[in-house]
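J.: Structure for this input, please:
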Amino acid sequence: MDRARRTGRPGHPRSVLALLTAVLLAVAGITVLSSAARAADADLARNGGFESGLDGWTCTAGAAVNSPVHSGSSALQATPAGSDNAQCAQTVTVQPNSQYTLSGYVRGSYVYLGVNGTGTTDVSTWTQSAPDWQKLTTTFTTGAATTKVTLYTHGWYGTGAYYADDISLVGPGGSTGQPPAAPAGLRTGTVTSSSVALSWSAATGATSYAVYRDGAKVQTVSGTSATVSGLAPSTAYSFQVTASNDAGESARSAAVTATTTAGTGGGSTDLPAHALVGYLHASFANGSGYTRMADVPDSWDVIDLAFGEPTSATSGDIRFNRCPVTECPNVESDADFKAAIKAKQAAGKKVLISIGGQNGQVQLTTTAARDTFVSSVSNIIDTYGLDGLDIDFEGHSLSLNANDTDFRNPTTPVIVNLISALKTLKARYGSKFVLTMAPETFFVQMGHQYYGTGKWGGQDPRCGAYLPVIHALRDALTLLHVQDYNSGPIMGLDNQYHSMGGADFHIAMTDMLLTGFPVAGDADNVFPPLRPDQVAIGMPASTNAGNGYVAPSEVTKTLDCLTKKTNCGSYPTHGTWPALRGLMTWSVNWDRYSNWEFQKNFDAYFG
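T.: Numbering: from 1, shown residues only. The predicted structure is shown next:
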């Protein structure tokens, strides 16, 4: 760790005559000038006391907390990770050739306060240990062309949480001018079952525009048109736009409304309105025992065969090997297995091959591996007469290259090749092809805080790595059921961390998918919401199945809150989604082991 030190230099003695002369000059004129200068100074830091949460700040791992605080009712708490220093920053408009004082109160180990972009010498100050609130202060002068600086606070990699409060930047305010007027002429264009095209007239002085859907900002663009996607069919939406420049954001425009068309996006839509999805241990046995396909109860609407796995991580060659008799003494024959699949399908059920799992690392690093993936998966689907494919990539299957920073336009080969392979399979089998995904929270909701290696590098490149895949396939995606289990704490849209063990975790994680969320904390880079009929909630069937099990009463609370906005806990949802598709669980086998507790609760709730 570099620890910068500042050394003082003793002053030189001055003559008494010189000192008296200086005092006499100050009495006549300098005192007046100093008062005028102080009157012009202002605190330019926005929300320096964090009383409005993280408004104005961009943080990699921060949240507003109510204790401990230096003053007021809130302060910043940020927790560095092994690859992240938990920086919070904001950009402030300043004047050139002007002096500023940056200060703030901190506590914790290794807390830094500084400023970048001064145009002269960037400065910082820090403390190695502050068991109680300690004030940090530093000063700087802006350069001749400097109009903006970025102030920040951060900790040090892998150390404990730090706290900051009452951060201020005192000096002359920058000349910001006036925000633009609200845009005029907002109108709708092409409307589909999942998107609405918008356009409006340019606002004088605007440098960007923000689009609001039902009062929530969903998109920022530089031009005078945008298409809002991820909408539900046959649903009315209200839209407004604002214009922004360096001085701020305009008032919102007059609203326009549009109703999406009825549609069948996401492939097969002949699932029931509320579906129960479960994984069937078809290639292995464990403590739950082997369950024959014919013995799966009719309550299960989608049955995922676990698992198809690659011959090697980068081959793309996927094989599905049924559980051998030596491991599963009661395993049925291939003929009986295929017949049971056909019987399920005749009863309206969907049977899919799930690729990956904990041990099945799949990295399509080349186009040859991509093509092998398509042909080998097609062979499995055709051999067993399956309805589609579930992508359950975990571990190191998906990872973003350091320069891959835009989820809308990925460049990493394993991401690009997977997207291409899935589009090819969808085109090959047509509209009835069922495509589902079961990512872990680390690869989806964690993208709200981190995306890939991050702006400063050093983050886990797998963070948020599923987002470009989901986004590229959202019009072909039948179901997304994120695994809300075996997960660490995840920050929700309320800027609070949520942990497994109760309904709030499932509510917060699902609300993010149905509302959309800024990626890597960037309010101008929003992952659009999915339709509620595309979303199911992934939960363990029992305590044996995985960390994060919740009792049936907590499952009911989750469904009540998301579909009825009743029985909610501490997390404030951003909508009500009665069309939420349903639940996914690991696994059918573990639920059978627990006397079908998960299935029975689902049946009792949805009827």
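J.: didn't L136 look like it was pressed against G104?
T.: Yes. Counting by Cβ atoms under 8 Å, L136 touches G104, with 5.9 Å between them. For the C-beta atoms, the positions are set from N, CA and C on the backbone; glycine is no exception.
J.: Comparing these two, which shows the higher neighbour count?
T.: Counted by other Cβ atoms under 10 Å, L136 and G104 do not tie: G104 has more neighbours, with 26 against 21.
J.: doesn't that one fall inside a strand?
T.: Yes. Per DSSP: H, G, I helix; E, B strand; the rest coil, G104 lies within a strand segment.
J.: Just give the closest residue to it, not the sequence neighbours.
T.: Setting aside the residues directly before and after it, G104 is nearest to I167 in space (Cβ to Cβ, 6 or more residues apart in numbering), at 3.6 Å.
J.: Roughly how far does the residue lying closest to G72 once chain neighbours are set aside sit from A343?
T.: Nearest residue to G72 in three dimensions, chain neighbours excluded: G49, at 4.8 Å (Cβ to Cβ, 6+ apart). Distance, G49 to A343, using Cβ to Cβ, to the nearest Å: 65 Å.
J.: So which of these two has more stuff around it?
T.: G49 (22 against 12).
J.: Tell me who's in contact with the more buried one.
T.: By Cβ atoms under 8 Å, 6 or more residues apart in numbering, G49 lies in contact with 71-72, 74-75, 165-167.
J.: again, 7 Å this time
T.: Shown in contact with G49 (Cβ atoms under 7 Å, 6 or more residues apart in numbering): 71-72, 74, 165-166.
J.: again, but for M539
T.: Counting by Cβ under 7 Å, 6+ apart, M539 touches 484-485, 506, 550, 555, 583, 585.
J.: element containing it, please.
T.: For M539, the enclosing helix or strand under DSSP states H and E is strand 536-540.
J.: Over to Y209?
T.: Judged by DSSP H and E, Y209 forms part of strand 208-213.
J.: Adjacent strands (with direction) for that strand?
T.: Strand pairing for strand 208-213, determined by DSSP bridges: strand 216-221 (antiparallel), strand 236-245 (antiparallel).
J.: Of these, which stretch is the most buried?
T.: strand 236-245 (a mean of 20; mean count of other Cβ atoms under 10 Å).
J.: circling back: to S312, which of the strands paired with strand 208-213 lies closest?
T.: Closest to S312 of those is strand 216-221 (Cβ to Cβ; 41.2 Å).
J.: pLDDT on the closest one, on average?
T.: Across strand 216-221, pLDDT averages out at 83.
J.: And the contacts of the helix or strand that it is followed by?
T.: As assigned by DSSP H and E, the chain's next helix or strand after strand 216-221 is strand 225-228. For strand 225-228, contacts defined as Cβ under 7 Å, 6+ apart pick out 195-199, 211, 213, 218-219, 239.
J.: Show the buried residues in those.
T.: 195-199, 211, 213, 218-219, 239 (16 or more other Cβ atoms under 10 Å).
J.: leaving aside the residues next to it on the chain, what's closest to the residue positioned nearest the centre of the chain?
T.: Note on the chain: the residue nearest the mean C-alpha position is H448, at 2.5 Å, using Cα atoms, centre = their mean. With sequence-adjacent residues excluded and distances taken as Cβ to Cβ, 6+ apart, H448 is closest to F517, at 4.7 Å.
J.: Then P413?
T.: Leaving aside its sequence neighbours, P413 sits nearest to T365 (Cβ to Cβ, 6+ apart; 5.4 Å).
J.: which residues does the one you found contact?
T.: 314, 413-414.
J.: switch to 10 Å and redo it
T.: 313-316, 412-414, 417 (Cβ atoms under 10 Å, 6 or more residues apart in numbering).
J.: K350 now?
T.: Taking Cβ under 10 Å, 6+ apart, we find K350 in contact with 268, 270-271, 275, 277, 300-304, 344, 386-388, 432, 434, 436, 478-479.
J.: Narrow these to those in strands?
T.: Within the contacts of K350, residues falling in strands by DSSP state E are 275, 277, 302-304, 388, 434, 436, 479.
J.: Kindly give a single PyMOL line that selects the buried subset of the residues you listed.
T.: Burial among the ones in strands among the contacts of K350 is assessed by 16+ other Cβ under 10 Å; the matching PyMOL selection reads:
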select buried, resi 275+277+302+303+304+388+434+436+479
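J.: circling back: next, format the contacts of M539 as TSV and append neighbour count and secondary structure.
T.: Shown next, in TSV, are the contacts of M539 (neighbours: other Cβ atoms under 10 Å; DSSP: H, G, I helix; E, B strand; the rest coil):
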residue	neighbour count	secondary structure
D484	25	coil
Y485	21	coil
H506	28	helix
V550	20	coil
V555	21	helix
L583	26	strand
T585	27	strand
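J.: just curious, which of those residues is nearest to H574?
T.: Closest to H574 out of the contacts of M539 is H506 (15.1 Å), distances taken as Cβ to Cβ.
J.: In this protein, mark out all the helices, start to finish.
T.: Assigned by DSSP state H, the chain shows helices spanning 16-25, 31-40, 334-346, 367-384, 413-429, 467-472, 503-515, 552-564, 588-593, 597-606.
J.: now the angle between helix 413-429 and the longest one, please.
T.: It stands for helix 367-384. Going by axes from the mean of the first three to the mean of the last three Cα atoms, to 10 degrees, helix 367-384 is angled at 40 degrees with respect to helix 413-429.
J.: Helix 334-346 and helix 367-384, what's the angle between them?
T.: Using the same axes, to 10 degrees, helix 367-384 lies at 90 degrees relative to helix 334-346.
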